[in-house]
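Novice: For reference, the sequence and a predicted model appear below.
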Amino acid sequence: MSHSRISDRHMLPVPWRYVNSWHCSTCGLCCRGYNVVLNFAEWMKVVKNFGVGYTSPGISKFYLQHKNDGSCAFLHSYQGKGFCHLQHMKPRACKLWPFKILPRPKYGRANEAVYNFAGKPFFIYVDPACRGLTWGRPTKSFLDTTLTEFLSLALGFREKQVYSTSRLVYYPQYLRSERDQVY
Ligand code: SF4
Ligand code: SF4
């Protein structure tokens, strides 16, 4: 898993067909108590920019390091909101959360999870723990903008996030000025 819970509390992922819309509220929940796996290029970037101490080795993978409270080393909390200090080089696992875009129906309910994109079938689920989900029939806007962007990110067609991240603030000014003092 690329963005997995540290604890074994687990809710089964839900097919996209039950999502009316999704908007990240910057609650920061997904940045606390999760392991974020890094691919080699992502690991190199973090090490080069912040030092090896901001990553953590696993048996066969590298992860982002946690703070003592279990939150991601790059999570900055401000006025009850959680902001990502790694926004400019956010790992793909974080960009895709809470969506899981898979070539096979790993979590079942294939008929509800299937979604055709770029001429191929994919199986899309969401982690129901995310607080940005609204349940119901998917809106056209959700399908045309948000879900399409998540698919494009997953397939490597794009890197920049617009609809797949918080619309509150892309990278807040106050974090830029405190950039070297956050931790
Ligand atoms: S993706 Fe979901 S859980 Fe994570 S900060 Fe946004 S609303 Fe909260
Ligand atoms: S890198 Fe950013 S989005 Fe990912 S877990 Fe850390 S703070 Fe959250």
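Specialist: Received the coordinates, thanks. Ligands and ions are numbered 1, 2, ... in the order given.

Novice: wait, residue 75 sits on residue 84?
Specialist: Yes: under the contact definition of Cβ atoms under 8 Å, residue 75 touches residue 84, with a separation of 6.9 Å. The C-beta positions use only the backbone N, C-alpha and C, and glycine is treated the same way.

Novice: Between the two, which contacts overlap?
Specialist: Contact criterion Cβ atoms under 8 Å, 6 or more residues apart in numbering; residues bridging residue 75 and residue 84 by contacting each: residue 31.

Novice: And for the lengthiest helix in the chain, what's in contact with it?
Specialist: Ranked by residue count under DSSP state H, the longest helix found in the chain is helix 40-50. Contacting residues not belonging to helix 40-50 are listed as 38, 54-55, 62, 64, 86, 89, 91-92 [Cβ under 8 Å, 6+ apart].

Novice: Show the buried residues in these.
Specialist: Listed as buried from the contacts of helix 40-50 are 38, 54-55, 62, 64, 86, 91-92; burial here means 16 or more other Cβ atoms under 10 Å.

Novice: near ligand 2 too, which of those?
Specialist: Among the buried ones among the contacts of helix 40-50, the residues lying close to ligand 2 (Cβ under 6 Å from any ligand atom) are 64, 86, 91.

Novice: From those residues, which land in strands?
Specialist: With strands defined by DSSP state E, the entries of these inside them are residue 64.

Novice: Between the ones next to ligand 2 among the buried ones among the contacts of helix 40-50, which sits nearest ligand 2?
Specialist: Comparing these against ligand 2 with Cβ to the nearest ligand atom places residue 86 closest, at 4.0 Å.

Novice: Sort the ones next to ligand 2 among the buried ones among the contacts of helix 40-50 by pLDDT and name the bottom one.
Specialist: Taking pLDDT as the measure, those have their low point at residue 86 (93).

Novice: What is the burial count for the closest residue to it other than its chain neighbours?
Specialist: The spatial neighbour of residue 86 that comes closest, neighbours along the chain excluded (Cβ to Cβ, 6 or more residues apart in numbering), is residue 74 at 4.1 Å. Other residues near residue 74 number 24, with proximity taken as other Cβ atoms under 10 Å.

Novice: give the contact list for residue 74.
Specialist: Neighbours of residue 74 in contact, by Cβ under 8 Å, 6+ apart: 31, 54, 64, 84-86.

Novice: swap in residue 127?
Specialist: Residue 127 makes contacts with 11, 13, 30, 97-98, 100, as judged by Cβ under 8 Å, 6+ apart.

Novice: can you do 6 Å?
Specialist: The contact partners of residue 127, by Cβ atoms under 6 Å, 6 or more residues apart in numbering, come to 13, 98.
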